[in-house]
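S.K.: heads up, no residue letters with this:
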């Protein structure tokens with residue numbers, strides 16, 4: 001088994017496609033209108049669906065806004081240079097809502113950006129995630 005996609009309902013498909021492609025650098029992989037159901041599906045990602053997990057953006061025609069609820073968390077993307085990535089996102093018109101830095105009570109370096117619908121996207125500095133677990137293991141071995 002493998003994770004195929006995550007679906008987000010969006011209020012303005014063109015605005016969302018612009019954000020995920022121009023701001024976050026994803027590619028539109030496929031898009032299809034379903035006139036009988038009055039919705040459009042657009043799949044975006046960093047690679048072909050055959051080997052990458054992607055985002056499914058669902059636009060229900062005529063619905064411009066959703067209540068995101070309090071159960072939803074975020075999408076996470078690994079980046080090589082979180083500080084440079086955040087600066088580039090700002091230059092491209094993206095909204096950084098939490099500047100890069102270590103997470104609370106840990107050492108993983110994270111930042112958060114927000115898409116046009118208010119969904120949070122976490123950026124994680126590659127190589128820093130999981131360091132707490134590694135440090136705990138090293139401490140246990142040393143004892």
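M.R.: On my side now, so go ahead. The structure presented is a predicted model; accordingly, all values stated were derived computationally and were not measured.

S.K.: and residue 46, what is it in contact with?
M.R.: By Cβ atoms under 8 Å, 6 or more residues apart in numbering, residue 46 lies in contact with 25, 26, 27, 52. Every residue, glycine included, has its C-beta placed from N, CA and C.

S.K.: out of those, who has the most neighbours?
M.R.: Greatest neighbour count in these, by other Cβ atoms under 10 Å, goes to residue 26: 19 neighbours.

S.K.: got the buried residues for stretch 72-90?
M.R.: Of the residues in stretch 72-90, 75, 77, 79, 82, 85, 86, 89 count as buried by neighbour count, 16 or more other Cβ atoms under 10 Å.

S.K.: my guess is the first one meets residue 6, correct?
M.R.: Spelled out, it's residue 75. Yes. Here residue 75 lies in contact with residue 6, judged by Cβ atoms under 8 Å, at a distance of 6.4 Å.

S.K.: Overlap in contacts, these two.
M.R.: residue 55.

S.K.: host element of residue 37?
M.R.: Residue 37 is part of no helix or strand, with elements assigned from DSSP states H and E.

S.K.: Pull up the per-residue confidence for it.
M.R.: As predicted, residue 37 sits at a pLDDT of 97.
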